[in-house]
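[1] Could you work out the structure for the sequence below:
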Amino acid sequence: MAKKKTAYFCQECGNESPKWVGRCSACGAWNSMVEEVIVKDTAKAGGGLSLGLSEGSAPMKIREVETKESARMVTGSGELDRVLGGGLLAGSLTLVVGDPGVGKSSMTIKVCADLAKTEGTILYVTGEESARQVKMRAERLDALADDLYILSETNLDTIEAQTMKLAPRLLVIDSIQTVFRPDIESAPGSISQVRECAVQLLRIAKANSIAVILVGHVLKDGSLAGPRALEHIVDTVLYFEGDRNAQYRVLRAVKNRFGSTNEIGLFEMNSRGLVDVPDASKLFLSERPDDMPGSVVTASMEGTRPVLVEVQSLVSESQFMPPRRTSDNIDIKRIQLLLAVLEKRVGLRIGSSDVFVKVAGGIKVDEPAVDLAATVALASSYRNRSVSAGTVVIGEVGLAGEVRAVAGAEVRIREAARMGFHTMILPKSNLKGLEQKESIKLIGVETVAQALDAALE
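    Numbering: from 1, shown residues only. Coordinates of the predicted model:
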């Protein structure tokens, strides 16, 4: 009997190694390499895997390819539809990722119930719970529908047979780490199982025009296969951000073949599950303190909509060396750059102080337009002087201390005026072509020093 060929796979990123190593060379994860049997390609020679992507194997001229505008299925959640680009597409494969307990199952069962009322047959496959448990949760969330079917199964062959029998408009797999193919000897949740099951579900989706949603868990210890191995297979990857114990969740698209990857959806977790929060600016500023040093409001663009968020900073004298630099929602390297600009270009001696920066509400902000707001917040806390509660600050900061223009200045101004702010500090180059609004005063600045004078006067 021939010896089975094995290899070691990283359970975080799927990197393959011929021998065991303590640290993955691709992603740097420790103790994540697990030995698995190499899966043989069972497809016939010259056959390959048919994904239903084209009608034939002969090359075609791109001008001769027929395209049809497919109608999207409205999920019933405006925030989810925004992130998806307008709704679910038939034949698409979507991966929803998040920590256990963040609200993935609550959102998907509610979406299934809403679509069952408008689109027809929906199949929800659970590999972690019994059908009775799923119904109990659906009753609590008011997510019951006549055309919503529940299947408690982990064998992918059985799932495929039931899917072909029902022909649903939407198939939900909760979760992909519990599903297995019998012809693969690896345990469920391993890289081999997760990857091969995802490929087979991709074939089911494309060949039968069924929208498929895969639910995946992310664990820091790497005990279950991470979703990174699936990101190149699926069409859309949605990540849940936020602490499971927090009230609000942010859904962000990191990959989307059918829409923008910059949109976010905001949800509130309550007794009815995840509820849409359409006015994000009002939410993030609802508990902002008045006349507090280190607090600055900025307008961040999340896809096509502006969101007002509060950047908070705390600068205090350090008793230890080197001082601490901590930032949860803004890249710490960006904060270090801004601190260097304040030291060199403005003359603030912050080098011996501890610095803590965060964005209220837990949303992650990574666009350059928040640079000036973070800089003003740092200087405000260091000088112990507050910024006016009616002021919004936007702008990109360069290494020379200059303030550079940002995109979408007009829509940011409109959002600030809608929320009742009376002053906006922005790059002077953005004032070209903009009219001074009576409801909001626009102050153009060219350097960080000018912005600090305007904000902390």
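
[2] Would you mark the buried spots in stretch 154-172?
    154, 156, 159-160, 162-163, 166, 168-172 (16 or more other C-beta atoms under 10 Å). Using the backbone N, CA and C atoms, a C-beta is placed for each residue, glycine as well.

[3] That stretch: end-to-end distance?
    12 Å (C-alpha to C-alpha, to the nearest Å).

[4] how about the helix or strand residue 355 falls within as CSV, C-alpha atoms only?
    Element membership for residue 355, per DSSP states H and E: strand 353-359. Extracted C-alpha coordinates of strand 353-359, given in CSV (Å, rounded to 0.1, in the frame of the first residue of the first chain):
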residue,chain,number,x,y,z
SER,A,353,5.3,62.0,27.5
ASP,A,354,3.0,59.0,27.3
VAL,A,355,0.6,59.3,24.3
PHE,A,356,-2.8,57.6,24.0
VAL,A,357,-5.1,58.1,21.0
LYS,A,358,-8.4,56.5,20.2
VAL,A,359,-11.5,57.2,18.1
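
[5] got the contact list for that strand?
    Residues outside strand 353-359 that contact it (C-beta atoms under 8 Å, 6 or more residues apart in numbering) are 309-318, 323-330, 335, 339, 365, 374, 377-378, 382.

[6] So which helix or strand of this protein has the lowest pLDDT on average?
    strand 33-37 (a mean of 80; mean pLDDT, DSSP states H and E).

[7] Report all helices and strands that it contacts.
    strand 6-10, helix 191-208 (3 or more C-beta pairs under 8 Å, 6 or more residues apart in numbering; DSSP states H and E).

[8] Ramachandran coordinates for residue 343?
    phi -70, psi -50 (degrees, to the nearest 10).

[9] how about TSV for the helices and strands packed on strand 33-37, with distance to residue 343 and mean neighbour count added?
    What follows is those, written out as TSV (distance: least, C-beta to C-beta, whole Å; neighbours: other C-beta atoms under 10 Å):
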stretch	distance to residue 343	mean neighbour count
strand 6-10	41	19
helix 191-208	46	21
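
[10] Residue 58 is nearest to which of these?
    Closest of the helices and strands packed on strand 33-37 to residue 58 is helix 191-208, at 18.6 Å (criterion: C-beta to C-beta).

[11] Give me the residue ranges of the protein where confidence is low.
    1-4, 39-57, 69, 219-228, 243-245, 436-438 (pLDDT under 70).

[12] re earlier: the helix or strand following the strand holding residue 355: which residues count as buried?
    Using DSSP H and E, the helix or strand that follows strand 353-359 in sequence is helix 371-383. Across helix 371-383, burial judged by 16+ other C-beta under 10 Å covers 371-382.

[13] got those as JSON lines, with distance to residue 291 columns?
    Below are those laid out as JSON lines (distance: C-beta to C-beta, whole Å):
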{"residue": "371", "distance to residue 291": "24"}
{"residue": "372", "distance to residue 291": "20"}
{"residue": "373", "distance to residue 291": "17"}
{"residue": "374", "distance to residue 291": "19"}
{"residue": "375", "distance to residue 291": "20"}
{"residue": "376", "distance to residue 291": "15"}
{"residue": "377", "distance to residue 291": "14"}
{"residue": "378", "distance to residue 291": "18"}
{"residue": "379", "distance to residue 291": "16"}
{"residue": "380", "distance to residue 291": "11"}
{"residue": "381", "distance to residue 291": "13"}
{"residue": "382", "distance to residue 291": "17"}
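
[14] Only the buried residues of the helix or strand harbouring residue 442, if you could.
    Using DSSP H and E, residue 442 sits in strand 441-445. Neighbour-count burial for strand 441-445, counted by 16+ other C-beta under 10 Å, picks out 442-445.
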